[in-house]
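# No letters, just coordinates:
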Ligand code: GLU
């Protein structure tokens, strides 16, 4: 019998925010994360990232889940909603507070306007966490990781952005904190998502380290751009996916990901083919895709 522990089974996830219906850019992320998990017989989970209450759109969660079903992207476990998990995030803040890794910050947005880097004004004031922004101390050292698609990434968080916001003054948990806690709680082994989040990753890895969470792998997929050269996003009014065109759109998403597309209009045959022929190495090693998509 081998003394080596069995390798952790692969768990991937798709984690949309319910700020509107899915668009072609989100389809690339959903399909990419799904196929990368399935290609190694791993699990694929779906999580709704709805902590930022004012940005949630009524009906968006239902629309997203319906579209995933239409595209045959069926998750392996129950769908988590971050709104139900506030106690987990609060416990994480508590654990960081016990080790003086976070502090209360009273600086207002207008005091910080125009600054890219938080200057650490409140770092040693010992303000209470409640009623203040909660910030995580970051080290003044270069951190690094190798993204499976985008390659080596480095950043000195203290110099590029300063201490990170984990909870807003109004109590809203930041995306950073929720995503790190949930990826760990769900046993995610690889985060596959759009390259627009590449620059958030070293902050998230630092936070995960502070919480003693296991390290994970990252693969940031290239972004689809619109005709104006902007990334497709809800803010740029990207068109919602047309469920009636699912097979065509799935084919285009696979093409964008550098994968072969079988000649068929049958969605589940396409998806099975994509999984069994999946080549992560063929994904374009780019942040933005040169072609334009609508
Ligand atoms: N919820 C984020 C979004 O919709 C994605 C977060 C992630 O994949 O880590 O942009």
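Sure thing, it's come through. In this text the structure is predicted, and so the values were computed from the model without any measurement.

# Would you tell me which residues of the protein are close to the ligand?
When proximity is defined as CB under 6 Å from any ligand atom, the chain approaches the ligand at 15-17, 49, 179, 193, 197. Backbone N, C-alpha and C define where each C-beta goes, glycine included.

# which one of these has the most neighbours?
Neighbour counts for the residues of the chain next to the ligand, by other CB atoms under 10 Å, peak at residue 179, which reaches 25 neighbours.

# Tell me how far it lies from residue 200.
Relative to residue 200, residue 179 is positioned 8 Å away (CB to CB, to the nearest Å).

# The longest helix seen in the chain: how far from the chain's middle?
Longest helix in the chain, counting residues (DSSP state H): helix 24-39. From the chain centre to the centre of helix 24-39 is a distance of 12 Å (CA atoms, centre = their mean, to the nearest Å).

# same deal with stretch 205-221?
Relative to the centre of its chain, stretch 205-221 is centred 12 Å away, using CA atoms, centre = their mean.

# For the closest residue to the ligand within the stretch 101-250 of the chain, name its beta-bridge partners.
In the stretch 101-250 of the chain, the residue that lies nearest the ligand is residue 193 (3.6 Å; CB to the nearest ligand atom). Beta-bridge partners recorded for residue 193 (DSSP bridges): residue 220.

# these two touch, right, it and residue 222?
No - with contact defined as CB atoms under 8 Å, residue 193 does not count as touching residue 222 (11.5 Å).

# where do the strands sit along the stretch 51-200 of the chain?
80-81, 102-105, 133-136, 142-147, 151-156, 164-167, 190-194 (DSSP state E, counting those that start in this stretch).

# would JSON lines of those strands with distance to residue 121 be doable?
Formatted as JSON lines, the strands of the stretch 51-200 of the chain follow (distance: least, CB to CB, whole Å):
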{"stretch": "strand 80-81", "distance to residue 121": "35"}
{"stretch": "strand 102-105", "distance to residue 121": "7"}
{"stretch": "strand 133-136", "distance to residue 121": "10"}
{"stretch": "strand 142-147", "distance to residue 121": "23"}
{"stretch": "strand 151-156", "distance to residue 121": "19"}
{"stretch": "strand 164-167", "distance to residue 121": "13"}
{"stretch": "strand 190-194", "distance to residue 121": "32"}
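
# Looking at those strands, which is nearest to residue 215?
Proximity to residue 215 (CB to CB) singles out strand 142-147 among those, at 8.5 Å.

# Now tell me what touches that closest one from outside.
With contact meaning CB atoms under 8 Å, 6 or more residues apart in numbering, strand 142-147 is reached by 152-157, 198, 201-202, 205-206, 218-220.

# Now do the contacts for residue 282.
Applying CB under 8 Å, 6+ apart, we find residue 282 in contact with 257-259.

# Next: residue 254.
Counted by CB under 8 Å, 6+ apart, residue 254 has contacts 31, 260-261, 270, 274.

# which non-adjacent residue is nearest residue 228?
Among residues not flanking residue 228 along the chain, residue 236 sits closest, at 7.9 Å (CB to CB, 6 or more residues apart in numbering).

# Using the three-state scheme, assign that neighbour.
Residue 236 falls in the coil class when you classify it by DSSP: H, G, I helix; E, B strand; the rest coil.

# pLDDT at it, what is it?
At residue 236, the model reports a pLDDT of 73.

# Could you do the one 3 residues further on as well?
Note for residue 239: predicted pLDDT of 90.

# Just want the phi and psi numbers for it.
Dihedral angles of residue 239 (phi, psi; degrees, to the nearest 10) stand at phi -70, psi 140.

# Residue 205 touches residue 215, doesn't it?
Yes - taking contacts as CB under 8 Å, residue 205 lies within contact range of residue 215: 7.4 Å.
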